[in-house]
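> return a 3D structure for these sequence lines:
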Amino acid sequence: VQLQASGGGLVQPGGSLRLSCLVSGSTLDVHAIGWFRQAPGKEREGVSCISISDGSAYYEDSLKGRLTIYRDKAKNTVYLQMHNLEPEDTAIYYCGAAPYYCSSFASNYGFWGQGTLVTVSS
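A predicted model of the protein is given here:
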């Protein structure tokens, strides 16, 4: 399984971005795609996750209301739409593939994309 994250960039506070995670390879082995982020000097933390089969979505509590995760099965792509971005959202965002179910634990994800940098600054 290969994952390719994209869509990061520089955005002003209050702005929006849409991240993409393209999944290729043995996609039948992927049952959930999760987005994590890692800010400088901090541990990787879960942001959101989606079940590929039924589209069930999960969000980190503190980020609910600002995120929407959805998938396009025809394009093998999962998107993370982020609104009202804050400087504290600055981080490298990674997408990971889980073989069984969504989880907030990075160790449950067997495959990772290379990450895409999101910088929120005026």
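> which of the three states applies to the residue sitting nearest the centre point of the chain?
Compute the mean C-alpha point of the chain, and by C-alpha atoms, centre = their mean the closest residue is Trp35, 2.4 Å away. Assigned with DSSP: H, G, I helix; E, B strand; the rest coil, Trp35 falls in the strand class.
> report the beta-bridge partners for it.
Listed beta-bridge partners, Trp35: Ser48, Cys95 (assigned using DSSP bridges).
> so who does it touch?
Residues counted as contacts of Trp35 (C-beta atoms under 8 Å, 6 or more residues apart in numbering) are 19, 21, 46-49, 69, 78, 80, 93-96. Placement of C-beta: from N, CA and C, glycine included.
> and which of these is nearest Gln114?
Of all those, Gln114 sits closest to Tyr94, with 7.9 Å by C-beta to C-beta.
> I'd say the closest one and Gly115 touch.
Yes: using C-beta atoms under 8 Å, Tyr94 is in contact with Gly115, at 4.6 Å.
> can you list residues touching both of these two?
Common neighbours of Tyr94 and Gly115 (criterion: C-beta under 8 Å, 6+ apart): Ala5, Gln38.
> higher neighbour count, those two?
Applying other C-beta atoms under 10 Å to Tyr94 and Gly115 shows that Tyr94 carries more neighbours, namely 23 against 18.
> give me the beta-bridge partners of the nearest residue to Thr77 once chain neighbours are set aside?
Leaving aside its sequence neighbours, Thr77 sits nearest to Leu22 (C-beta to C-beta, 6 or more residues apart in numbering; 5.2 Å). Per DSSP bridges, the residues bridged to Leu22 are Gln4, Thr77.
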